[in-house]
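>>> Task: produce atomic coordinates for the following.
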Amino acid sequence: MPPSALPSPRAALVGAARRRPCTLVVCRGCCCGDPRKHPGTDHVRQLERLRAAAAEHGFQVRTTDCLGPCDQANVIVVQPSAAGRLAGGRPVWIGFAMDEDCTEEIAGWAAAGGPGLAAPPVTLELQFIAPPRPGTRKPGRR
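Model (predicted):
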């Protein structure tokens, strides 16, 4: 078979990966989601709002213990859908995600397709942060 007839590695998604929607990974570890450290933020309401938008628009929301950049809490990672990844989208890390406007912008971007399929709101781009380098997260940190 000539090389041009082989599927490209980017088009070789199999099984559930072909149908994976945009996913928000919401940190709820040592600093993110902690009302003692960030008393002016309704962390429960933020998660409820994101989950309601996910149910309405077909993206997913997961929580995780600690994503690492605690000095930039609350941290949310917007992972591209399978289609978004095929279009070149990569995970986007968002820091300081604490107010209603930011929550709505993240939900709206995910509903529109997320990385690779929809441009993020310009104001949300101001909150993009670099992911931590491998091995810099302190295991078991609470």
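
>>> Wait, Ala83 touches Gly114, no?
No - the criterion here is C-beta atoms under 8 Å, and Ala83 misses it with Gly114 at 9.6 Å. (Glycine included, C-beta is placed from N, CA and C.)

>>> list the helices and strands the lengthiest helix in the chain packs on?
Ranked by residue count under DSSP state H, the longest helix found in the chain is helix 43-57. Identification of packing neighbours for helix 43-57 by 3 or more C-beta pairs under 8 Å, 6 or more residues apart in numbering; DSSP states H and E yields strand 23-27, strand 60-64, helix 100-111.

>>> which parts of the longest one are buried?
By neighbour count, and taking 16 or more other C-beta atoms under 10 Å as the criterion, the buried residues in helix 100-111 are Cys102, Thr103, Glu105, Ile106, Ala107, Trp109, Ala110, Ala111.

>>> Output the below-cut-off pLDDT ranges for this protein.
1-18, 135-142 (pLDDT under 70).

>>> now do 80
1-19, 30, 134-142 (pLDDT under 80).

>>> hang on, the earlier thing: is it possible to export the helices and strands packed on helix 43-57 to TSV including distance to Phe128?
Listed next are the helices and strands packed on helix 43-57 as TSV, based on distance: least, C-beta to C-beta, whole Å:
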stretch	distance to Phe128
strand 23-27	14
strand 60-64	19
helix 100-111	11
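
>>> wait, which of those is closest to Cys70?
strand 23-27 (8.7 Å; C-beta to C-beta).

>>> quick one: the closest one to chain centroid distance?
Between the centre of strand 23-27 and the centre of its host chain there is 5 Å, according to C-alpha atoms, centre = their mean, to the nearest Å.

>>> now what about it, what contacts it?
32-33, 46-47, 50, 54, 59-67, 73-79, 81, 106, 110 (C-beta atoms under 8 Å, 6 or more residues apart in numbering).

>>> change it to 6 Å
Strand 23-27 is touched from outside by 50, 60-64, 67, 75-79, 110, with contacts defined as C-beta atoms under 6 Å, 6 or more residues apart in numbering.

>>> No more questions from me, cheers.
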